[in-house]
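Trainee: Generate a structure from the sequence data that follows.
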Amino acid sequence: MTKNPDSLETLRARIAAFVAERDWEQFHNPKNLAMALAAEAGELLEHFQWLTPAQAADLPAAARDEVALECADVLLYLIRLCDKLGIDLAAAAGKKLVLNAQKYPVEKARGKMTKYDKL
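Mentor: Numbers count the residues shown, from 1 in each chain. Next comes the predicted model:
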């Protein structure tokens with residue numbers, strides 16, 4: 001069985017190699033990576049600023065391509081941050097889904113956008 005070229009583990013290894021080739025390890029501490037992640041998330045938000053919900057859901061192809069690249073930036077920084085902190089991102093996401101299911105039981109949360117402590 002071959003590895004998925006886009007699995008989180010494969011991406012983690014590719015990012016680490018990319019960073020090592022450029023001698024950027026010295027800059028990749030958790031603080032800097034978290035700040036870069038927040039900056040990239042802000043760049044993603046810029047694409048939706050001032051759009052109506054309908055416009056945001058129906059982006060022109062060129063804008064959608066730009067959004068895809070911003071999403072990729074966010075993902076890559078998040079994977080790198082987790083790598084530096086020794087966090088298994090897929091496992092953490094799975095755990096969070098279980099916790100969210102407990103905080104937002106279907107019978108209380110279905111069709112509502114209320115925060116769990118107000119349900």
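Trainee: alpha carbons only for contacts and neighbour counts from here, please
Mentor: OK.
Trainee: how close does the most centrally placed residue in the chain get to E40?
Mentor: For the chain, L75 is the residue whose C-alpha lies nearest the centre (C-alpha atoms, centre = their mean; 4.2 Å). Going from L75 to E40 by C-alpha to C-alpha, to the nearest Å gives 9 Å.
Trainee: same thing with A62?
Mentor: From A62 to E40 the distance is 18 Å (C-alpha to C-alpha).
Trainee: What helices and strands are in contact with the helix ranked longest in the chain?
Mentor: Longest among the helix segments of the chain by residue count, using DSSP state H, is helix 61-85. Where contact means 3 or more C-alpha pairs under 8 Å, 6 or more residues apart in numbering; DSSP states H and E, helix 61-85 is packed against helix 8-21, helix 30-46.
Trainee: Okay, buried residues for that helix please.
Mentor: Across helix 61-85, burial judged by 16 or more other C-alpha atoms under 10 Å covers 67, 70, 73-83.
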